[in-house]
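Asker: pasting the structure only:
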């Protein structure tokens, strides 16, 4: 009887181990990245499994080395990047059957100047961004919304009206009331989610102002204060904010037609409290000579070129740290909370979110510096883009604050920001295999 129970126990343990190995192996396969980045001269450790391992297509290729070691239920592979280049490989079942293609990129040791400087930001959209709809009381006493009825949507960008370009709100007002519309329809060209469509709409004559209207709220520019993350002295490229600039009412990402950054000085700080976000109050003058030109407004920050590099507050360039080098524990941020003085403050990285694809919430951070907490209460609006330094490397930037706990927030990996630039990060690779 005891022998039978022992055999059943052994069977259950075996089944459990097989199921565990299968689940863990397929979890490793599911999370295994298509692109693996390693800095030249450095190493990176990857988890394998008993079923799946990484194999290079050309194992004799010298720019990448693999060193595999076994554990009780899993393996790990140590990848060393000897020289810049790209090597292809695959995740294989039982070290033989290819399951998933993988590229190993050995990237140069990129060095950037971490900033932390407060900047003024001004963006003008192409056309007019629709941020809301409104109702109109017509001269016959009816309440109507011509734009809503015609199919306009918040987030649409008005480009033309009857083949006439529009850039400011008065372009629409002047056109509608500068011609004898009466019962005429007007044709409006809008851009929606990257596609251009034509919408016909009949303006309404309002009873209060006796003017023709479409029932739209529009905006063509936005200004604010943020923080520069880095400057590349070679390409004169800057990156800032770590998240995109969106319209405050509609939440739509602003499509840049013309954008500039300007020198800014911090006048005061509204301290953050639970459920009440704080804010840096910055001063800048829109008529001043632009500090730089904004070329892109993306979900991961704003990017462009510095116009006058002599104005940049230059510190010593530091190496970047990729996401696999980021670890939980102490780190620093650079930011400006008084006038134009860049200061260093202590933070703690509480959680690292290993992302295979770009995202603005790559790590959970907590402000621990007593001086910064006393001044700001934590992370406040305007600090977005503050560079994060760990072990002497630029690893990311502050992006978000937790409303219920302003001492904590999120940061983005620096590599996701670099992918939005023309800095020699990954795009200049030559393919090594096959040469």
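Answerer: Arrived safely, thanks for sending. Everything numeric in this text was worked out from a predicted model, so none of it was measured. Numbers count the residues shown, from 1 in each chain.
Asker: list the buried ones in the helix or strand hosting residue 103?
Answerer: Per DSSP states H and E, residue 103 falls inside strand 97-107. Buried residues in strand 97-107, counted by 16 or more other C-beta atoms under 10 Å: 100, 102, 103, 104, 105, 106, 107. C-beta coordinates here come from the backbone N, C-alpha and C atoms, glycine included.
Asker: Same list (those) but as TSV, adding distance to residue 225 and pLDDT.
Answerer: As requested, those are exported to TSV (distance: C-beta to C-beta, whole Å; pLDDT from 0 to 100):
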residue	distance to residue 225	pLDDT
100	45	81
102	42	80
103	40	80
104	41	81
105	36	81
106	39	82
107	33	79
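Asker: Helices along the stretch 101-250 of the chain, start to end?
Answerer: With DSSP state H, counting those that start in this stretch, the ranges of helices along the stretch 101-250 of the chain come out as 146-150, 169-177.
Asker: closest to residue 343 out of those?
Answerer: Ranking the helices of the stretch 101-250 of the chain by proximity to residue 343 (C-beta to C-beta) places helix 169-177 first, at 41.0 Å.
Asker: hmm, back to that, dump the helices of the stretch 101-250 of the chain to a markdown table, plus mean pLDDT and mean neighbour count.
Answerer: Converted to a markdown table, these look like this (pLDDT from 0 to 100; neighbours: other C-beta atoms under 10 Å):
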| stretch | mean pLDDT | mean neighbour count |
| --- | --- | --- |
| helix 146-150 | 90 | 19 |
| helix 169-177 | 86 | 16 |
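Asker: any chance of the ones you listed in a markdown table, with distance to residue 209 too?
Answerer: Below are the helices of the stretch 101-250 of the chain laid out as a markdown table (distance: least, C-beta to C-beta, whole Å):
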| stretch | distance to residue 209 |
| --- | --- |
| helix 146-150 | 15 |
| helix 169-177 | 10 |
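Asker: Can you say which of those is nearest to residue 291?
Answerer: Among the helices of the stretch 101-250 of the chain, helix 169-177 sits nearest to residue 291 (C-beta to C-beta), with 27.8 Å.
Asker: Which strands or helices does that closest one pack on?
Answerer: strand 118-133, strand 157-161, strand 164-165, strand 212-213, strand 216-232 (3 or more C-beta pairs under 8 Å, 6 or more residues apart in numbering; DSSP states H and E).
Asker: can we see that at 6 Å?
Answerer: Packing partners of helix 169-177 (3 or more C-beta pairs under 6 Å, 6 or more residues apart in numbering; DSSP states H and E): none among the helices and strands.
Asker: since we're on residue 164, how many residues are nearby?
Answerer: Residues within reach of residue 164, counting by other C-beta atoms under 10 Å, total 12.
Asker: in the sheet, who's paired with it?
Answerer: Going by DSSP bridges, residue 164 is paired in beta bridges with residue 161.
Asker: chain center to stretch 367-379, what's the gap?
Answerer: For stretch 367-379, the gap between its own C-alpha mean and the chain's C-alpha mean amounts to 24 Å (C-alpha atoms, centre = their mean, to the nearest Å).
Asker: quick one: low-confidence parts of the stretch 251-400 of the chain?
Answerer: By pLDDT under 70, the weakly predicted segments of the stretch 251-400 of the chain are 286-287.
Asker: mind checking which of the helices of the stretch 101-250 of the chain is nearest residue 289?
Answerer: Short answer: helix 169-177, nearest of the helices of the stretch 101-250 of the chain by C-beta to C-beta, at 27.3 Å.
Asker: by how many degrees do that closest one and strand 157-161 diverge?
Answerer: 40 degrees (axes from the mean of the first three to the mean of the last three C-alpha atoms, to 10 degrees).
Asker: Rebuild the buried residues of strand 97-107 as CSV, extending it with distance to residue 163.
Answerer: As requested, these are exported to CSV (distance: C-beta to C-beta, whole Å):
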residue, distance to residue 163
100, 51
102, 51
103, 47
104, 52
105, 48
106, 53
107, 48
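Asker: which one of those is nearest residue 313?
Answerer: For the buried residues of strand 97-107, the nearest to residue 313 is residue 107 (26.9 Å; C-beta to C-beta).
Asker: Now do the closest one against residue 84, distance only.
Answerer: Going from residue 107 to residue 84 by C-beta to C-beta, to the nearest Å gives 7 Å.
Asker: Kindly report the same for residue 276.
Answerer: For residue 276, the distance to residue 84 equals 49 Å [C-beta to C-beta].
Asker: Cool, thanks, talk later.
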